[in-house]
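1. I need the structure of the sequence given here:
(2 chains)
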Amino acid sequence: MSTKNTYTVSIYTENNVGLLNRISAIFQRRHINIESINSSSSEIKSVSRITLLVKITEEQIKKIIGQIEKQVEVIKAFYHTDEETIYQESCLFKLSTDLLTDNDEIQTIINQSKSRVINVNKGFFVLEKSGTKEEVEELYRILDKHGIMQFIRSGRIAITKDEMPVSQLLQLITA
Amino acid sequence: METKTKQQTEQGTTKRVTITGAEAVVKCLLAEGVDLLYGYPGGAIMPVYDELYKYQDKLHHVLTRHEQGATHAAQGYARATGKVGVAIATSGPGATNLITGIADAQIDSTPMVCITGQVGAHLLGSDAFQETDIVGISTPVTKWNYQITKASDIPEVMAKAFYIARSGRPGPVLVDITKNAQFEEFDFEYKKCTSVRSYQPVPNMNMQSVEAAVELINNADRPFVVWGQGVILGEAEEEFKAFIEKAGIPSASTLLGLSALPTKHPLHVGMVGMHGNYSPNKLTNECDVLIAIGMRFDDRVTGDLSRYAKQAKIVHFEIDPAEVDKNVKTDVAVLGNVKETLTAALPLLEENSHKEWLQEFRNLDAVEFDNVIKNDLFPTKEGLTMGEVIKQINEASKGKAIVVTDVGQHQMVASRYAEFNQTKSNITSGGLGTMGFALPAAIGAKMGTPEREVVAVIGDGGYQMTIQELGTILQTKAAVKIVVLNNEFLGMVRQWQQLFFDKRYASTTMINPDFVTIAKGYHMAANRVTKREELATAVQEMMQSKEAYFLEVCVEKEDNVFPMIPTGASVSDVRLK
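-> Numbering: from 1, shown residues only, chains lettered A, B, ... in the order given. So this is what the prediction gives:
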């Protein structure tokens, strides 16, 4: 049996209502959980890029890429291992402002974790941290004992080391 | 067609007119060459129906008795003609009733466009009367779908819908149109769709893969072809025949590939699959090169994948890249339309005959004849067999009829014994196994090809799932010949209960109505046969009828269909009893 890996799936699509539903249904039908998902514009004008994370075998991901690319409004889909991408997740912590004033340790945590304060209010401040999932989780563990008022983490975004020749492909199709 | 004709003739051939969205829908259908569509009216689609009324001399709308019937009729039409079938329904329940037919068309690659009405755009998401998220519901079972909320989108979306439905590997497309978009007026201009930038319907053929495939085939001692519906959908019947004839390769069909090659062709070795023939199933595991042409290695074809053709090199001619390596790992995949790829392969192919290898099929055919076919076609017991009914239909039709089947034992028997002399003659629900498919599909097939004889062979269970479509026949006078093989059981399930559930016949016995009386209630000529000596005459009488005809044949109650590959078994474990 082949082993499960974490794969970053990058899908270049037309920006149409309902397409995300069509793509997520491909995973749902095969009982595969999507670990995280992010949808944004891409480097190509009017082309969206969906980035999602799944833990499955390579055999499974190959077949799923085929099913995704089969969708009319999908231009191209790729999958990559962690080693083949440079990836980040972003997270925000809402913490009590008292910590900033009363607790020296917090300043050290902020400096060492390379996170930054992006907003300070009377009652709370917001700390932002980008990094790998592990780095984010480590910071969470450290801050947890000081009391976290709110926490949110984004889906993974990733840049691949190899080329993804979507522009050329589009030119070929429209030519 | 009282349109405000603010006609502006532009440069070229296009003409702009100001019309309503509803009229635009009809004009789009006409521009796509549609002359027949099936449907059922209702509140949210009424503006379009109003236009259908006005355009009835150009566009024939057939009122089915249920929206599911409309989809199957559109499918039957598409499968018999090769054109896009069209079904239309209202929002809510009208739309959800289309789903079974859409799912069937998706899994059997049938080109179909479904149009649904939707509540006004301002009511979307408000749980309005007969509002349902049909785009959401139909997403996993459509090739493409789209919701139109403004009239000006209608021409482009409709053009795209037809293009997507028919191109590449065909499939169903659903277009949902809000009521306000049907009422709105706009400047109508129609342009056919010829490409969608994110969509490549047919992959580019790679000549190197063609060469690699042919090299394997030329060097094979025991090559074996399994072909599917791709040959029919690609209109590649001639190319396919030339291919197998030149290389002398024994060839077997999938359920949906039947009729692409005449049944009596010397290289035709029958049908593969769960209830296919003995020799092609058994010898799948003896060939050295398996050449799959326009088929998708369905589990009903392969049985246990870990014991499927493991000894063979696999060559796969296929239009859909997602099918390659999906179930069976290939050694060489030849992507493209089979018409193109087989044409490219033909000149490279060496002439051969493989006589001894073909003889192995014929030897096993003899085993199947002695153990199964003889008893099916020339029974000596009292009860009628399904097989002898099909044999009588073959004799009466001389193998020229379109045979439409439903799902179950009768379907397998008909597929095993029906003779086909011309392509697009086998219409059945394969992938989805939709009981109730045959009666409405036969109506669509007959209306699409009125010059052909259309015989629907249906079980007593499936018949009652869409029996109301007798009303559609009454109204359209579609001269469909209906044969119900009545064993008073849901026969296929009963067979499994007998073989695998110790004869616990849970909910498979049927207490049936008087089918002949029902047919007569719809003013249809009808007859019932219970004895062998009446059968031939009754079938002939039915076939000679110029109008629709219903024939019930009361067959042996507990006959089983063999050969059979039990679920989870290997193709080489195919059972004869």
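
2. can we go C-alpha only for contacts and neighbour counts from here?
-> OK.

3. tell me the spacing between residue B:301 and chain A.
-> To chain A, residue B:301 is 20 Å away according to CA to the nearest CA, to the nearest Å.

4. so that residue sits in a helix?
-> Yes. Residue B:301 sits within a helix when classified using DSSP: H, G, I helix; E, B strand; the rest coil.

5. please name the nearest non-neighbouring residue to it.
-> residue B:273 (3.9 Å; CA to CA, 6 or more residues apart in numbering or on different chains).

6. need the contact list for residue B:444.
-> Shown in contact with residue B:444 (CA atoms under 8 Å, 6 or more residues apart in numbering or on different chains): B:72, B:73, B:74, B:75, B:76, B:77, B:78.

7. assign a three-state SS to it, would you?
-> Under three-state DSSP, residue B:444 comes out as helix.

8. give me the subset of the contacts of residue B:444 that lies in helices.
-> For the contacts of residue B:444, the ones inside helices are B:72, B:73, B:74, B:75, B:76, B:77, B:78, with DSSP state H as the criterion.

9. most surrounded residue in those residues?
-> The most crowded member of these, judged by other CA atoms under 10 Å in any protein chain shown, is residue B:75 (39 neighbours).

10. in the stretch 101-250 of chain B, which spans are strands?
-> With DSSP state E, counting those that start in this stretch as the criterion, the stretch 101-250 of chain B has strands at B:112-118, B:144-148, B:172-178, B:185-188, B:223-227.

11. can you tell me which of these is most buried?
-> Among those, strand B:112-118 has the highest mean neighbour count (mean count of other CA atoms under 10 Å in any protein chain shown), at a mean of 31.

12. paired strands for that one, with orientation please.
-> Using DSSP bridges, strand B:112-118 pairs in its sheet with strand B:85-89 (parallel), strand B:172-178 (parallel).

13. centre of the chain versus it, how much separation?
-> Distance of strand B:112-118 from its chain centroid, counting by CA atoms, centre = their mean, to the nearest Å, is 19 Å.

14. give the rounded mean pLDDT of that strand.
-> When pLDDT is averaged along strand B:112-118, the result is 98.

15. contacting residues around stretch B:495-513?
-> Contacts for stretch B:495-513 (CA under 8 Å, 6+ apart): B:460, B:461, B:488, B:489, B:490, B:491, B:493, B:494, B:558, B:559, B:560, B:561.

16. got the CA coordinates for it in PDB?
-> This file holds the C-alpha atoms of stretch B:495-513, laid out as PDB (Å, rounded to 0.1, in the frame of the first residue of the first chain):
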ATOM      1  CA  GLN B 495     -31.400 -14.000  -8.600                       C
ATOM      2  CA  TRP B 496     -28.900 -12.500  -6.200                       C
ATOM      3  CA  GLN B 497     -31.100 -13.400  -3.300                       C
ATOM      4  CA  GLN B 498     -31.200 -17.000  -4.500                       C
ATOM      5  CA  LEU B 499     -27.500 -17.200  -5.100                       C
ATOM      6  CA  PHE B 500     -26.100 -15.100  -2.200                       C
ATOM      7  CA  PHE B 501     -28.900 -14.700   0.400                       C
ATOM      8  CA  ASP B 502     -30.200 -18.200   0.700                       C
ATOM      9  CA  LYS B 503     -33.400 -17.500  -1.200                       C
ATOM     10  CA  ARG B 504     -34.700 -14.900   1.200                       C
ATOM     11  CA  TYR B 505     -36.800 -13.100  -1.400                       C
ATOM     12  CA  ALA B 506     -37.000  -9.800   0.500                       C
ATOM     13  CA  SER B 507     -39.400  -7.500  -1.400                       C
ATOM     14  CA  THR B 508     -38.800  -8.900  -4.800                       C
ATOM     15  CA  THR B 509     -42.100 -10.600  -5.500                       C
ATOM     16  CA  MET B 510     -44.500  -8.400  -7.600                       C
ATOM     17  CA  ILE B 511     -48.300  -8.500  -7.600                       C
ATOM     18  CA  ASN B 512     -48.900  -6.900 -10.900                       C
ATOM     19  CA  PRO B 513     -51.800  -5.300 -12.600                       C
END
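
17. what's the closest non-adjacent residue to residue B:43?
-> Per CA to CA, 6+ apart, closest to residue B:43 is residue B:90, 6.5 Å.

18. show me what contacts the one you found?
-> Residue B:90 neighbours (CA under 8 Å, 6+ apart): B:40, B:41, B:42, B:43, B:44, B:45, B:46, B:116, B:117, B:118.

19. any idea how far residue B:39 is from it?
-> Using CA to CA, to the nearest Å, we find residue B:90 at a distance of 9 Å from residue B:39.

20. same deal with residue B:421?
-> 32 Å.

21. the two - which one has more neighbours?
-> Legend: neighbour count by other CA under 10 Å for residue B:421 and residue B:39, higher for residue B:39 (29 against 19).

22. go ahead and confirm the more buried one touches residue B:67.
-> Yes. Under the criterion of CA atoms under 8 Å, residue B:39 makes contact with residue B:67 at 6.2 Å.

23. list residues touching both of those two?
-> Joint contacts of residue B:39 and residue B:67 (CA under 8 Å, 6+ apart) are residue B:89.

24. go through the strands of the stretch 101-250 of chain B and name the closest to residue A:93.
-> Proximity to residue A:93 (CA to CA) singles out strand B:144-148 among the strands of the stretch 101-250 of chain B, at 39.8 Å.
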